[in-house]
Structures are given as C-alpha cells and as structure tokens.
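Undergrad: show me how the following folds:
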Amino acid sequence: MSEHRDPHHDLEERRRLLDEWMEVRRQIAALEAMSAALLSERAIMYDEDVAASPYHRDAIYRSMVAEYSAAGHVSTGSVEFAFADAQAVKEYFPAVRASFEHGSITAAHVREIARAGALVSEAMRNGRVDAATLALFETAVLVVAEEDTPARTRTHARQVAAALVGESLQDRHARAADERCVRVRSLDDGLALLTAVLPEALAVSIQDRLTQMARHITRARRPGACPRTCGAGRRRPHPHGRHRARPPRLRDLRRV
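TA: Purely as a prediction, here's the structure:
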C-alpha cells in the first residue's frame, strides 16, 4: 500500500527545487558576466599590443583568439563573438552589464542585445543619432530581456533598433543580404554539416523541392508502392525514409 503524501509538503518541496534552480541559473549568469569582464580586460591588452606593433594587428588578434579557443576548448568563432559581445557591453551598454552581473539576464540575452545594438552604436558613431538614443535602446530592450527569452529579446531588440535609427524595411533587407553565407563544419565518421544562410523564401523552396524528390524516390524504391490514397492494409512509406533520402537529393542538386 502506497504511503500517504502530504500535498502541502510536496508543494513546498517543488517550490524549493524551483527556487534553488533559479538561484543556480542566476549564479551561472553572474559568472558568465565575470568571464566577459575578463575578456574585456584582455582586449585592452590587445589594443596596447597593436599600438606597439600596428603592422601586426591581424597576427596579434589571431594569436589571442587561438589562445583562448585552445584553452577553453571552444571554436575560434565562438571566442571572436565572445570578445565582440564583451566589448560592446562594456563600451555601450552599462545597464545591460549591471543586469548581467546581477544574473538577471543570461549570456544569450547579452549576445542578442549586443548584436542588435550594433546598428544603433554604429549610427551614433556616424553622427546619425546621439548617445541618448543608444540609452533609450538599452532601456527598452532590457525591460523585455529581464522577463522573456533570448529569442523574443532578439526580435524586440531588432525592431527597436530599426525604429530608433530610422531604418526602412528595404534597408533591413539589404543589410540582411550581407549576412548570407555557406559554411561547412566537419563532423565524425566522414560527415560534415553544411549550413546556408539564405532568403527565407529560397530556403523553404529548397526544402520543399528536396522533400518532393525524396518522397518520389522513397515510393519508387518500395516494391508494390501505392499512392497516398492507397487502401487499408497497405503500409505507407515511413516519413523517416524521406528524411534519410533528402541528403542524397541535395547532393544531386550540385550538378544543376
């Protein structure tokens, strides 16, 4: 016979676990803020090294990134983003830095704010907006960041930045076009990850085309394959078969 459990005790225990989990998350964020502060200090040393040897700027930068990448067992791209975010927060977003140090927002929130805020900080450097506009952006975005997810913070931050700078939809599309790229990252067992940043309509059309080709190939390979309207008793192709058939079809597209 199961023991009788006190519902009040269960509720208190659940609340305790949730509170402790939230506190641990806050401490993690605060430690991430300390990590960012250390990167900012290292960036100051980088500036001093560049001032002493300006012709070796690129070599000095690559050496610094490679050092932290090897020591932290992270990719060079991640280290470069971490340095950039740390510098942006230190130079332009003091309130974001304070909230980060308190653990009210995470490193993911800071990343989205820094990247969206680059549009406003660039406009300030070019004289298009003043420092008060940058402070307004920080305040408006931080209100959402402290209460919502990094993804929603990104959407809100981009909208606020575009509105404050006066960027039109056409300007946003032109700026987004500069972000288009294709990357390849090696995986295990002779595989690689192919990542393409494309206009959404083009990416969706490619996915749809691959799905159609994979569906056709999967049906053709099965003996006695029937159309989608086949009667009861006949098995339809499993959708996972189409998923596995998409990569070869993507390979075939390279010949087009």
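Undergrad: next SSE downstream of the host helix or strand of S63?
TA: Following DSSP states H and E, one finds S63 within helix 57-72. Following helix 57-72 in sequence order, the next helix or strand is helix 76-92 (DSSP H and E).
Undergrad: returning to that earlier point: pull the distance from the helix holding S63 to the chain's centre.
TA: 22 Å (CA atoms, centre = their mean, to the nearest Å).
Undergrad: mind listing what's buried in that helix?
TA: Using 16 or more other CB atoms under 10 Å as the test for burial, helix 57-72 gives I60, Y61, M64, V65, Y68, S69. (C-beta placed from N, C-alpha, C; glycine too.)
Undergrad: could you do stretch 147-163 as well?
TA: For stretch 147-163, by 16+ other CB under 10 Å, it's P150, T153, R154, H156, A157, R158, V160, A161, A162.
Undergrad: ok, now stretch 22-30?
TA: Of the residues in stretch 22-30, those buried (16+ other CB under 10 Å) are A29.
Undergrad: show me what it is in contact with.
TA: F100, E101, H102, G103, S104, I105, T106, A107 (CB atoms under 8 Å, 6 or more residues apart in numbering).
Undergrad: of the buried residues of stretch 147-163, which belong to strands?
TA: Judged by DSSP state E, strands contain none of the buried residues of stretch 147-163.
Undergrad: and of the residues you listed, the nearest to Q207?
TA: Distance ranking of the buried residues of stretch 147-163 against Q207, using CB to CB, places R154 first at 22.6 Å.
Undergrad: correct me if wrong: the closest one contacts A114.
TA: No: applying CB atoms under 8 Å, one finds R154 not in contact with A114, separated by 10.8 Å.
Undergrad: residues contacting D130?
TA: D130 neighbours (CB under 8 Å, 6+ apart): M124.
Undergrad: how far away is it from R158?
TA: For D130, the distance to R158 equals 21 Å [CB to CB, to the nearest Å].
Undergrad: so how far does stretch 96-115 reach from one end to the other?
TA: End-to-end span of stretch 96-115 (CA to CA, to the nearest Å): 13 Å.
Undergrad: any low-confidence regions in the stretch 51-200 of the chain?
TA: 167-179 (pLDDT under 70).
Undergrad: the same query, at a cut-off of 80, please.
TA: 167-181, 183, 185-190, 193, 196-200 (pLDDT under 80).
Undergrad: the helices in it, which residues?
TA: 57-72, 76-92, 94-102, 107-125, 131-145, 150-165, 169-177, 200-221 (DSSP state H, counting those that start in this stretch).
Undergrad: among the ones you listed, which comes closest to G190?
TA: helix 200-221 (21.3 Å).
Undergrad: can you mark which positions in that closest one are buried?
TA: L210, T211, M213, A214, R215, I217, T218, R219.
Undergrad: what residues sit buried inside stretch 127-140?
TA: Under 16+ other CB under 10 Å, the buried positions of stretch 127-140 are V129, T133, L134, F137, E138, A140.
Undergrad: Three-state assignment for A29, please.
TA: Assigned with DSSP: H, G, I helix; E, B strand; the rest coil, A29 falls in the helix class.
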